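Chemist: model the structure of this input:
(chains A, B, C and D)
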4 protein chains.
Amino acid sequence: MTARPTLRVGLIGHGFMGKAHSNAWRQAPRFFNLPAEVRMSTLCGRDARAVKKAAADFGWEKSATDWRAVVADPEIDLIDISTPNDSHAAIAIAAAAAGKAVLCEKPLARDVREAERMTKAVRQARVVNMVCHNYRRVPALALAREMIKRGELGERLFHFRARYAQDWIVDPEFPLVWRLRSGSAESGSLGDLGSHIVDLGRYLVGEFREVCATLETFVKQRPVPEARGRRGKVKVDDAVAVIGRFRNGALATLEATRFAQGRKNALTIEINGSEGSLVFDLEEMNRLRFYSARDPATERGFREIIVTEGAHPYIDHWWPPGHLVGYEHSFVHTIADFVRAIVARKNVAPSFADGLATQRVLEAIAQSAQRRAWVTL
Amino acid sequence: MTARPTLRVGLIGHGFMGKAHSNAWRQAPRFFNLPAEVRMSTLCGRDARAVKKAAADFGWEKSATDWRAVVADPEIDLIDISTPNDSHAAIAIAAAAAGKAVLCEKPLARDVREAERMTKAVRQARVVNMVCHNYRRVPALALAREMIKRGELGERLFHFRARYAQDWIVDPEFPLVWRLRSGSAESGSLGDLGSHIVDLGRYLVGEFREVCATLETFVKQRPVPEARGRRGKVKVDDAVAVIGRFRNGALATLEATRFAQGRKNALTIEINGSEGSLVFDLEEMNRLRFYSARDPATERGFREIIVTEGAHPYIDHWWPPGHLVGYEHSFVHTIADFVRAIVARKNVAPSFADGLATQRVLEAIAQSAQRRAWVTL
Amino acid sequence: MTARPTLRVGLIGHGFMGKAHSNAWRQAPRFFNLPAEVRMSTLCGRDARAVKKAAADFGWEKSATDWRAVVADPEIDLIDISTPNDSHAAIAIAAAAAGKAVLCEKPLARDVREAERMTKAVRQARVVNMVCHNYRRVPALALAREMIKRGELGERLFHFRARYAQDWIVDPEFPLVWRLRSGSAESGSLGDLGSHIVDLGRYLVGEFREVCATLETFVKQRPVPEARGRRGKVKVDDAVAVIGRFRNGALATLEATRFAQGRKNALTIEINGSEGSLVFDLEEMNRLRFYSARDPATERGFREIIVTEGAHPYIDHWWPPGHLVGYEHSFVHTIADFVRAIVARKNVAPSFADGLATQRVLEAIAQSAQRRAWVTL
Amino acid sequence: MTARPTLRVGLIGHGFMGKAHSNAWRQAPRFFNLPAEVRMSTLCGRDARAVKKAAADFGWEKSATDWRAVVADPEIDLIDISTPNDSHAAIAIAAAAAGKAVLCEKPLARDVREAERMTKAVRQARVVNMVCHNYRRVPALALAREMIKRGELGERLFHFRARYAQDWIVDPEFPLVWRLRSGSAESGSLGDLGSHIVDLGRYLVGEFREVCATLETFVKQRPVPEARGRRGKVKVDDAVAVIGRFRNGALATLEATRFAQGRKNALTIEINGSEGSLVFDLEEMNRLRFYSARDPATERGFREIIVTEGAHPYIDHWWPPGHLVGYEHSFVHTIADFVRAIVARKNVAPSFADGLATQRVLEAIAQSAQRRAWVTL
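Modeler: Predicted structure coming up:
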C-alpha cells in the first residue's frame, strides 16, 4: 500500500476569483475525503504587499510575485490560474511545460488561437487539465445533467434557453473599469457571462451547430477612473442575444446582459424535451424545477426539487436535507474533482478541450454579430 | 320523454354577494349543459330603486322589495339567499316551508340554534338545500379533495393548517361599518373568514374533535360613519387563532385575520399526510402544489399543478389548458351543481347540515376563546 | 338628451374564439356601464345545426350560415370576426363596405397584403375598427403599459424579451389538424403565438426596427386525421426564435413554441429599463412583478403586485382586492372598450393599422428565417 | 499598541453540530477581519478514535476525550459546546468556573432550572456567553430585525407566525434514535425546532406574555435500534402547535413538526405590522419578502429582497450580489460576533440570559400542553 500523496498548490491571482479558489482549496479537504493531502503552498500576485496580505488572510503558506518562478518551483505540483483572461495562456502553457496539472479560470482564453495553443500544450505534456466552469458542479445542475442522461426529458430535446443577467453597470456613471475595456477583457458580457451559458449548453445538451447573434453596447462612453472628468469609449458589449441550433436539432436561445435591473446573478436555464422540462435559476441555486409528462394526467406540474438530499450530487458531504449550500460550494466541488483526477491520472471535464470548444462557439457568436449573418461551427 | 324543466330563481340580496350570485346564474347555463332551463326571475332587495337598477344591471326579469312575497310567489322555484347573516334563518325557513329549494350564503346562520332550526326546516320540507361555500368548487380545491380521497396523501393525515388573511381594516381610521358591529355580523373574522376554513377543513380532512382558540380586536374603537368625529366600540374580532384536533387525529392550526398587510384574500391551506402534502393559496387559485413521497428519491419536490386541464374538476366547461379561471367561477360551479341536484332530487354538499356542523365548530371556537379553555365538539 | 343607442352585434365564427367573444358580449354590459345597449343578435357559422345550437348555448337571438347576409343585414350594427385566419379579410372588408364597425380576431390577416387591404377598407369607410389582441387588456399588462408611460422603468428601455410557450403538439402522434396546415393557417406558432408577443412588444416598448429569426418544425410528419394510417407533411413552424431591435434601441428576444413540456399558455415577458424591470407570466395573469432601482438600497427586490385593486385597470368593475379574474376577462375588457369607441366615434387601439404593423413584423420574421438574414422594417 | 490576542478554542462534541462549528471556526478568520487570532486547539469527544479522526478531518490541532480536562486546560481560552442537550449545563458551568468564555448550542438546557444555573454561573464568573441560535445571523433575518427596528412595519405588530417543519421521521419504521427518547433529548420537535422559533420571536417581536399549546406524538412506537424486532415507546413530541400573545399585544401562532412531507428544513416566518409585512423561509434563506403599505397604491406587493448586497448584514465579507450564501454561513457569523465580543469584553446576544428566557417559554408551552390550559409567563 502506497502512502497518500501530497499535492502542493500554487494559485496565481488573488482577486475575487483568487478568494473563491482559496476557499475551495481550504474547504475541499475538510468536506471531501480526498485521495491526496492538499497543501496551500503559494499564492502569487503582482503586488507584493497585497499578495502577502491575501496569503495570510486566505491561509496560504507563502506568497510570491513572479508566476514564472511559481510554475518552475519543484515544490509545486499543480497550478491554479485565477488571473484576468490575458494571462491565462502564458501561465497555462508554462505550467504544462513544467509538467504540472493545471486548473484555469474561465473563459479559458481570449480567443480560439490561444485556446488551441493551451489545449495543445496540456495534451502534449499529458498533464491533467481543467477549466473552472464551476457552475457545472452546482448540485442542481449536476442533477440536471444526470436526469437528462438517464432520459427523464425523453429522447429528443427541443429547446435550450439560457440567460445570464446582471445589473451592475446600468448606471452610465459606472466607470470604465478593466472589465469594460477591450484588450484586457476582449469581450464584455459575452466572454464573462456568455462563456458560462455556452459551457452549460454543451454540458447539458451537446455541441452547437450554428449561431446567429447580435451584440449591443448600451452605454457608449463612461468616465475614465484615472482621469477625472474624462470619458472613454466602451469597446466591449453590454449585452448579447443569440439564436442557434445544436447538432441534435435543439433550438438555442442565449442571452447575456449586464443591463437587467433587479437581476443580480440570474443565470436561468430552461430545457424542453419530448417527455419533460427542466428549469434552473442560479439565484435559487439549490433548486431544480422539473416537469414530467409521465406524471399522471391530473397531477402534472413543475416540481421544485430542493437539491439538498444525500442522494443528490455532492450533497452527502455537506448538511442534512433542506440546509442550503451557497455559491462557493461549486468551487469546492470543482477542486475536489480536480484533485481526484490528478491522483487517478484521469481526464476530468470540463477539460481545456472543452474550454476550446466553448471558445469556438464564443468566437462564432462574435463573428456572427460582426457580419450580421449565421455562422456554422 | 319529458320536457326539460324550467327553474325560476328568486335571489334575495343584491350587494357584493348578490352580484356574484347573479353572475353565476347568468353564466352557469351558458357553460354547463344544465338539465333545466334557468330563468333569472326576481331580484329582491329592501331599497326599491337600488334593487330595480341592480336587476337591470345584473339581468333579472324583475325586482321586488318584500322577500316574503318572493318566497311565496308560485312562479318562483328556488330561493337564493345573499343577504347579511341576520336574515338567513327567516328567509330560509320560509322558503323551505313554501317547498322551495334553498341556496344560502355562508355562514349559514348567526349561531348554532338558528342553524339547527334552518336544518330542521329543510329536512322536514324535504327541499334541496345548500350552503354557498363556493371555495369547495374552486377547481384546485375540488382536485385536492379527489386526491385525498384516492389516497395520494397516504392513509394518515397529520396536519391541516389554514389561514385566511386580509388587510382591509388595518387602518384604525377605517370606519365602523356593519361588518364590524355585533348584532348584524355577530362575529368578525371568525364568522366571515373562519367559516370558510372550517368548512374546508371538514371537506378535506373530516370532523373536528376539539378546539382551543383566542380572539383579538386590535383596534378597539373606530369612527362611526353616521356621526362625524365620534368613535364607537368595535365588538367583533379582528383576528382569531385556533389550535385543535380532528377526529382522525390530525392536528389543526387555523387562523383568520383582517390585519395582515399585503394579504388581500389569502386563504392558504397546507395538508400533510403520511405519503404527501398539498398546498393551496386562494390568491393563486388556479394552482395546487403537491408533494409526493412516492416520487423517486432524487426527484421529489412540491409540484405546481396548474389546475386548468380538461381532466380537472369543472375545467372542461371553460377554456384550454393554461387559461385561468377566476374568483367568480367558483360560484358558477356551485350553481351548476345546485341545479343538477334540484333536478335529480338529490342531496348536494355542503348542505344545511354541513352548515350546521361548521356552525358548531365556530361556536366552539368562540366559546373556547371566551373561556380560555379547550372545547370538545 | 338623446336616447341610449342600441348596438346589434353579428358574430361570425363559433369555435373557441366564438365562445370567448360570445361570453364577452354577454358579460361586458353586466359589469361595465356601457354607453349603449348591446344586443347579441346573430351568430353566424357554416354548419347550420352546429351554429344553431351554439347560438342557443351562448345566448344569441338567432343564427345564420351566410356571413355575407349578416354583414348586409341592416339590423346589424357591428361585425365581430372570430373565424379562422383565411376569411378575416373578406369579412372585414365587406363589413367596412357596409359601414359597420369591425372587431377582428388576431392575427388580423394571413399576410401584409391582406392586412393592407383591410386597413385601407376601414379607413376609407371610416368605421371603428379593432383587432382583438385581448392580452393588451389583461389588467396586469395594461398596468405595465401605464407604468412604463409614467416612467417607472426610467428613460431608457434596454431589453424586451417575450416568450409564448405551449406544449399541446409535442406528441408526434398528434394529428395534422388545420392549425398545422399551411393554406388555412399559413403559419404555425409564429402567427398564432408570435402575433401576440409582437403586438405586446409594440404596445409596451414601441416599433421594431430589425429582426433576425429562425423557424423550426420539430415533427415533420403527422397522422392525417381523414386518412387512417397515412402521414402528411407538416408545413408550418412548431417554434420560432427571434432576435431584434426596437427603434428606441432596445434589444428584443422573442420566442414562440408549441414544444415546451409543462408550459400550457405561458406568455412570459420581461422588460428591463434604466430604472427598473417588469415581469409578467400569463399563467399567473393577475400578477405583475416590478423591480424599482429607486427603492432604498437594502430593500430592493422584485415586488409581486397582485393586480386586483380597485385602482388597477378595469378592476373596479369586478371584485374586491385579491379576488382573481381569469382569461375571459381580457375579452370582456376589449369588448367594453370597443363599444365605447363606437359610441364615441373614436379610434381605439389596437386598430387595424396596428394589426397591419404587427403583420409587417411577422412577415419580416418569416422572411428573415427563410433568407437566414437580418430584415429591416 | 498591544499585540493582537490569540484565542484558543476547545470544542466539545463532534457530531453534526461539531462539524458545523468546526467549519465556522475555520472560516470566520478567513472572511472576517477578526480582532484576535483564532487557534482551533482541541476537539473533544467521548470516543477516542472517532474524535481523533474528526479532529484531523475538521482541522483541529489535537483531540481529547475528557471535557473536564479541556475545560481546565490553561491553554484553552474559550469553550464551545456542541454536545447533546443533557451535558450542556455541566460543561458550561465548569467552563464559566474556569473563567472561560462559553458558546453553547441551543437549546441552552433541558429545563428552566438548568438554564438558570447556567445563566447564574456565567454572570457570576463574568465570562462572555452566547447561545448558538445561529439563525439570528442568517443575513435575511438580521435584515428583518433591522427593518423592524427602524419602523418599516409600522408602530404596531399584529401577528407573528412561525412554523418549523421537517419530514425526517414520518416513516413509522424510522428507529427510536436518541433524539426521540426522553432523557437524552427531553423533548422532541419542541426543544429542537421550537426553540429556534421562540428565540426568533423574541428577537424579532419581543417577549411572550402567554401561550396555549398542544403536543402530539403521531407515531407512538418505533423500532428500537439495538434490539431487532422490538418496538419502544416514543416519549417525545412529533409536533407542537401553539397560540399565544406577546407583551406588545401581537398574536403568536407557532408550530413545529417533523411530520410535514416535503418540508425539509422549512422554518417559515410571517410578521404583520401596521405598515407592512415580512416573510421568510429558511429553505430560501437568501431571501426576505417585504410588503410595504407605504408604496404607491397601484404598485404595492410583496417584494423579494435577495439579501446578498454589500449593504446587507454580513454580506460584504462574502461574494458579490446574487451569489448565495448557505446554511453554514450563519454559524460563521455567530462565531465572528462571539470572537469580537470576547475581545471587546462585551455582551453579545443571544446570551445565556436569552437562552433562559427562551427556555421559560418552552417550559410554558410544555406545561400548557400538559394542563390543557393557558400559561402566563
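Chemist: what bridges to the closest residue to A:G194 other than its chain neighbours?
Modeler: Counting by C-beta to C-beta, 6 or more residues apart in numbering or on different chains, A:G194 lies nearest to A:A256, which is 4.4 Å off, once chain neighbours are set aside. (Each C-beta comes from the backbone N, C-alpha and C, glycine too.) As for beta bridges, A:A256 partners with A:Y164, A:V240 under DSSP bridges.
Chemist: A:S87 should be in a helix, yeah?
Modeler: Yes. Per DSSP: H, G, I helix; E, B strand; the rest coil, A:S87 lies within a helix segment.
Chemist: thinking again about what came up before, pull the number of nearby residues for the residue nearest to A:G194.
Modeler: A:A256: 31 surrounding residues under other C-beta atoms under 10 Å in any protein chain shown.
Chemist: list the contacts for it?
Modeler: A:R163, A:Y164, A:A165, A:S189, A:L190, A:D192, A:L193, A:G194, A:I197, A:A239, A:V240 (C-beta atoms under 8 Å, 6 or more residues apart in numbering or on different chains).
Chemist: try 10 Å
Modeler: Contacts here follow C-beta atoms under 10 Å, 6 or more residues apart in numbering or on different chains; on that basis A:A256 touches A:162-166, A:187-198, A:215, A:237-242, A:267, A:365.
Chemist: do the same with A:L153
Modeler: Contacts of A:L153 (C-beta under 10 Å, 6+ apart): A:144, A:147, A:204-205, A:271-278, A:290-293, C:261.
Chemist: could you rerun that using 8 Å?
Modeler: So A:L153 contacts A:M147, A:I271, A:N272, A:G273, A:S274, A:E275, A:G276, A:S277, A:L278, C:Q261 (C-beta under 8 Å, 6+ apart).
Chemist: among these, which are in helices?
Modeler: A:M147 (DSSP state H).
Chemist: and the contacts of A:L153 as a markdown table, adding distance to chain B, neighbour count and pLDDT?
Modeler: As requested, those are exported to a markdown table (distance: C-beta to the nearest C-beta, whole Å; neighbours: other C-beta atoms under 10 Å in any protein chain shown; pLDDT from 0 to 100):
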| residue | distance to chain B | neighbour count | pLDDT |
| --- | --- | --- | --- |
| A:M147 | 7 | 23 | 98 |
| A:I271 | 15 | 26 | 98 |
| A:N272 | 15 | 30 | 98 |
| A:G273 | 15 | 27 | 98 |
| A:S274 | 18 | 19 | 98 |
| A:E275 | 13 | 17 | 98 |
| A:G276 | 10 | 24 | 98 |
| A:S277 | 12 | 27 | 98 |
| A:L278 | 11 | 29 | 98 |
| C:Q261 | 12 | 24 | 98 |
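Chemist: near chain D too, which of the contacts of A:L153?
Modeler: With C-beta under 8 Å from any C-beta of the partner chain as the criterion, the contacts of A:L153 include none near chain D.
Chemist: domain ranges for chain A, per the record?
Modeler: Domain segmentation of chain A under automatic domain parsing yields A:6-135, A:139-284+A:286-325+A:347-376.
Chemist: coming back round to it: what about the contacts of A:A256, which are in helices?
Modeler: A:S189, A:S195, A:H196, A:I197, A:V198, A:I365.
Chemist: ok, those vs C:R8, which is closest?
Modeler: Nearest to C:R8 among the ones in helices among the contacts of A:A256 is A:I197, at 56.2 Å by C-beta to C-beta.
Chemist: now do the contacts for that closest one.
Modeler: A:A162, A:R163, A:Y164, A:L254, A:A256, A:L267, A:I269 are the contacts of A:I197 under C-beta under 8 Å, 6+ apart.
Chemist: so which of those residues wins on neighbours?
Modeler: A:A256 (31 neighbours).
Chemist: that older thread, mind putting the contacts of A:I197 into CSV with pLDDT and distance to B:T83?
Modeler: Converted to CSV, the contacts of A:I197 look like this (pLDDT from 0 to 100; distance: C-beta to C-beta, whole Å):
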residue, pLDDT, distance to B:T83
A:A162, 98, 57
A:R163, 98, 54
A:Y164, 98, 58
A:L254, 98, 60
A:A256, 98, 60
A:L267, 98, 56
A:I269, 98, 55
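Chemist: so how far is chain D from A:H159?
Modeler: 25 Å (C-beta to the nearest C-beta, to the nearest Å).
Chemist: so that residue versus A:L251, what's the distance?
Modeler: Distance, A:H159 to A:L251, using C-beta to C-beta, to the nearest Å: 5 Å.
Chemist: between these two, which contacts overlap?
Modeler: Jointly contacting A:H159 and A:L251 under the rule C-beta under 8 Å, 6+ apart are C:A239, C:T257.
Chemist: quick one: the strands in the stretch 101-250 of chain A?
Modeler: Counting by DSSP state E, counting those that start in this stretch, the stretch 101-250 of chain A has strands at residues A:101-105, A:129-132, A:157-165, A:208-216, A:221-223, A:231-233, A:239-246.
Chemist: strand A:239-246 and the third one, what's the angle between them?
Modeler: For strand A:157-165 against strand A:239-246, the angle by axes from the mean of the first three to the mean of the last three C-alpha atoms, to 10 degrees is 160 degrees.
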